[in-house]
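>>> Sequence and predicted model, in that order:
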Amino acid sequence: MGGGGSAGAAAAGALDDGGFSSKLTNVEAQRVMSVLQEMQRKVHLMGMIPEAVDRKVATIFPAETVAMLSEHINLNKRYSELREMKLSGEKVNEVDLKDAAKLLRLSTRTVARHFLQNPALYSKLRFLRVNKPPAAAQFEQLLHEVKMIVYERLMTTVEEERAKQDQLSIIIAKEQKTSNEVKALKAELDKARRERSSEISKRNEVIRRLKDELREIKQQAEETTKRMESRSKQKEDQEIQQAREKNREEEAQWRKKKFKIESEVENWIHKYDQDMEEKQAELEDITTIYMEEKAQLDELQQRYNDLQNEYDRIMEERRLAEEAKKEQDRQLRRMNDAATLIQAIFRGWKVRRDIKKKAAAKNEKKKKK
């Protein structure tokens with residue numbers, strides 16, 4: 001409830017901010033900001049409506065206002081119940097839901113108009129200090145943010161829009177470069193993994209072969225020992241001693257060879273793990289940068305689309321205004337030409353009338369003589 005109160009306070013503080021329209025030179029922009037401010041004022045007012053008509057509400061407001069509030073609260077509860085039933089999967093009559101929504105909209109308009117037209121009742125409503133629902137406070141804060149965004153759009157000039165488009169192009173190029181680097185790193189990582197797997201397979205094959213050879217040597221040594229046991233004891237002891245020494249030397253050599261190969265395999269594995277950790281850390285850093293720049297790109301793309309739509313609308317209005325001005329100029333020229341023609345005809349008629357009068361006067365003088 002604390003977060004909703006702070007958001008409501010911020011939005012309420014913005015209701016009396018009349019500087020938005022005064023800073024805009026375009027009449028249409030001023031109208032847009034006026035509509036948003038009026039909407040924000042009504043939303044703020046409806047957020048202060050209590051959830052129930054208690055003794056305090058009945059004491060502060062007159063009977064007509066109390067009855068209006070009671071009807072609005074009942075309609076709101078009815079619509080909320082039907083909507084909750086529909087969201088929970090229960091069967092709800094769509095006609096009832098639409099009727100409830102329609103009645104709630106009419107009631108909301110009536111209540112807002114009633115309090116806005118009566119400053120004293122509006123002051124009493126603010127005196128109640130009702131805790132707004134989180135959804136209402138969130139919507140009020142969102143509406144305030146929308147108003148600020150629209151204001152920023154309306155204040156943006158063509159030069160600023162071009163600068164933003166240039167910045168957007170730079171970010172797109174950077175994002176493309178980052179994507180290529182990520183693809184290259186992934187390909188390098190896959191290649192390293194394949195090489196490590198192949199190297200381990202080769203090392204395992206060498207170890208397996210050495211083990212088989214060592215096992216065969218041990219079997220041959222055992223067979224030789226058994227054969228020597230069948231000979232005379234002295235000869236047998238000598239041969240056994242020689243065979244054992246020979247076997248020990250061979251076994252020592254094979255053990256040294258096996259230890260060397262195992263050491264090389266462990267070194268390769270350790271080096272591969274270090275390389276993989278470095279590549280993985282580098283990939284994570286690049287991925288993080290990529291996601292941040294992609295989020296910036298999406299935001300700038302959305303802002304660019306909004307500005308482009310607004311620019312197209314403004315250019316269309318200018319085109320219509322220029323066509324209307326051209327039509328007025330054509331009509332004015334047509335009227336001037338018509339006036340000139342009428343004046344010329346009138347002057348000609350006047351000249352002919354004066355000539356006739358002079359001729360008639362001369363004829364009368366002649367007759368008198």
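The structure has been received and is ready for your questions.

>>> biggest helix in the chain by residues?
helix 233-368 (DSSP state H).

>>> Tell me which residue is most central in this protein.
In the chain, the residue lying closest to the centroid (Cα atoms, centre = their mean) is E299, at 5.4 Å.

>>> How confident was the prediction at that one?
pLDDT for E299: 88.

>>> what's the distance between it and F127?
E299 sits 42 Å away from F127, taking Cβ to Cβ, to the nearest Å as the criterion. Glycine gets a C-beta too; all of them are placed from N, C-alpha and C.

>>> Not counting residues beside it along the chain, what's closest to K132?
Leaving out its chain neighbours, the residue that sits closest to K132 by Cβ to Cβ, 6 or more residues apart in numbering is G47, at 4.5 Å.

>>> Give me the pLDDT for R319.
R319 carries a pLDDT score of 90 in this model.

>>> Likewise for V130?
Listed pLDDT for V130 reads 67.

>>> What of S179?
Listed pLDDT for S179 reads 82.

>>> Then K279?
For K279, pLDDT reads 86.

>>> What is the burial count for it?
K279: 16 surrounding residues under other Cβ atoms under 10 Å.

>>> can you pull the contacts of the residue nearest to it when sequence neighbours are not counted?
Closest residue to K279 apart from its sequence neighbours, by Cβ to Cβ, 6+ apart: L189 at 5.3 Å. The contact partners of L189, taken as Cβ atoms under 8 Å, 6 or more residues apart in numbering, are M276, K279, Q280, L283.

>>> Give me the below-cutoff pLDDT ranges for the chain.
Low-confidence segments of the chain, defined by pLDDT under 70: 1-26, 129-130, 156-161, 228-237, 367-369.

>>> if we go to 50?
For the chain, the stretches with pLDDT under 50 are 1-18.

>>> quick one on the thing from earlier: from the contacts of L189, which is closest to N180?
Checking the contacts of L189 against N180 with Cβ to Cβ, the nearest one is L283 at 13.6 Å.

>>> What is the burial count for the closest one?
By other Cβ under 10 Å, neighbour count at L283 equals 16.

>>> measure it to V182 for me?
L283 is 7 Å from V182, where distance means Cβ to Cβ.

>>> ditto for P119
61 Å.

>>> Reduced to three states, what does K132 come out as?
Taken by DSSP: H, G, I helix; E, B strand; the rest coil, the conformation at K132 corresponds to coil.

>>> got the phi/psi numbers for it?
phi -70, psi 150 (degrees, to the nearest 10).

>>> hang on, it packs against L45?
No - using Cβ atoms under 8 Å, K132 is not in contact with L45, being 11.2 Å away.

>>> out of these two, which sits in the more crowded spot?
K132 (21 against 18).

>>> Report the separation between that one and N267.
From K132 to N267 the distance is 67 Å (Cβ to Cβ).

>>> can you check R196 too?
According to Cβ to Cβ, R196 and N267 sit 13 Å apart.

>>> Please say which of the two ends up with more neighbours.
The residue with more neighbours, out of R196 and N267, is R196; 17 against 10, by other Cβ under 10 Å.

>>> Could you grab the helix/strand/coil label for I49?
Using three-state DSSP, the structure places I49 in coil.

>>> Report the contact partners of it.
I49 sits in contact with L69, H72, I73, V111, L125, V130, where contact means Cβ under 8 Å, 6+ apart.

>>> Now it: phi and psi?
For I49, the backbone dihedrals are phi -70, psi 130 (criterion: degrees, to the nearest 10).

>>> coming back round to it: more neighbours: P119 and V182, which one.
V182 (15 against 9).

>>> Tell me which helix or strand comes right after the host helix or strand of F127.
F127 is part of helix 119-128 when elements are defined by DSSP states H and E. Using DSSP H and E, the helix or strand that follows helix 119-128 in sequence is helix 134-155.

>>> Which is the succeeding secondary structure element to that following helix?
Per DSSP H and E, the first helix or strand lying C-terminal to helix 134-155 is helix 158-229.

>>> burial of V111, as a residue count?
Quick note: V111 (other Cβ under 10 Å) scores 21 neighbours.

>>> residues touching the nearest residue to it once chain neighbours are set aside, list them.
Excluding the flanking residues, the one nearest V111 by Cβ to Cβ, 6+ apart is H72, at 5.2 Å. Residues in contact with H72 (Cβ under 8 Å, 6+ apart) are I49, L104, S107, T108, T110, V111.

>>> Please identify which of those residues is nearest to A173.
Checking those against A173 by Cβ to Cβ gives T108 as the nearest, at 49.4 Å.

>>> Leaving out sequence neighbours, find the closest residue to the closest one.
M46 (6.3 Å).

>>> wouldn't the one you found be in contact with T110 here?
No - M46 is beyond contact range of T110, at 11.5 Å (criterion: Cβ under 8 Å).

>>> Of these two, give the one with the bigger neighbour count.
M46 (18 against 13).

>>> can you pull the contacts of that one?
Applying Cβ under 8 Å, 6+ apart, we find M46 in contact with T108, V111, A112, A136.

>>> now, which of those residues lie within strands?
In strands, judged by DSSP state E, none of the contacts of M46 are found.

>>> Can you select the buried ones from these in ChimeraX?
The buried residues among the contacts of M46 can be selected in ChimeraX (16 or more other Cβ atoms under 10 Å) with this line:
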select :108,111,112,136
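
>>> which one of the contacts of M46 sits closest to E293?
Distances from E293 to those, taken as Cβ to Cβ, are shortest for A136 (36.2 Å).
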